[in-house]
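Asker: Need a 3D model of the sequence below.
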Amino acid sequence: MATYTYPNTRAFVPSSAEWGLRPNVIVNTSRFNGSVERLELPGSRWLATLSYPEARALDADAADREAYWAKISGPANLISMWHPVRPNPRGTMRGSPTISSDVAQGATVLSIASTAAATLRPADMISAGGMLFMVTAAVTANGAGAMTVSVSPPARLPIASGSAVTWDRPTALMMPTGEVRIPYRAGRVQGRISVDLVEVW
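Answerer: Numbers count the residues shown, from 1 in each chain. Model prediction:
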């Protein structure tokens, strides 16, 4: 089994995409008074659906897509996948930021050492400690480059101080949730392809 980086080429730009979280939440409804208790645990998973447009079956883009998903072979191999619409932050944080304070399991705040006045904006994607996060509130670094960043989902694992923070195409490991079938129509037309993905670890 292997891990393949999602291709950064024209053929793999989806015509539409869905991206979201499957929260790991325990919900319990009391039999006595109907009150609802909720407990969020580490282990939320990113979900994605990628859809590709119709194409001439003999065109290079169509062939490249078909070959790639055949190589992935369903759940046999994994895909290192970034958010298809948010590969880089809207904020100005660049360079080589790091985690500046140990992050506990379940934390939703990351302390990051960056550069003075660096910014992150809501829905920016970053990764650290092998986990992919979405920024949930705007933040600006102070004069020393320190940032306190609110993120979702909660950290699945602890992250050590000094760990690198990735902002350029930060990824999660994902696999198809089912078979990837390539539809064809008369006239050698490759039909619309849709692939559902779920994060794994």
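
Asker: Can you give me the domain assignment for this structure?
Answerer: 3-84+172-199, 98-168 (automatic domain parsing).

Asker: now stretch 130-144: mean pLDDT?
Answerer: For stretch 130-144, mean pLDDT is 98.

Asker: roughly how far out does it sit from the chain middle?
Answerer: Distance of stretch 130-144 from the chain centroid (Cα atoms, centre = their mean, to the nearest Å) equals 16 Å.

Asker: Need the contact partners of it.
Answerer: Stretch 130-144 is contacted from outside by 46, 89, 91, 93, 108, 110, 112, 114-127, 147-153, 155-157, 159, 170-172, 199, 201, using Cβ atoms under 8 Å, 6 or more residues apart in numbering. To be clear about C-beta, it is placed using only N, CA and C from the backbone, and glycine gets the same treatment.

Asker: give me that answer again for 7 Å
Answerer: 46, 114-127, 147-152, 155-157, 170-172 (Cβ atoms under 7 Å, 6 or more residues apart in numbering).

Asker: Please identify the buried residues of that stretch?
Answerer: 131-136, 139, 141 (16 or more other Cβ atoms under 10 Å).

Asker: Can you flag which of these belong to helices?
Answerer: With helices identified by DSSP state H, none of the entries of the buried residues of stretch 130-144 belong to them.

Asker: rewinding a little: of the domains of the chain, which stretch is the most buried?
Answerer: domain 98-168 (a mean of 18; mean count of other Cβ atoms under 10 Å).
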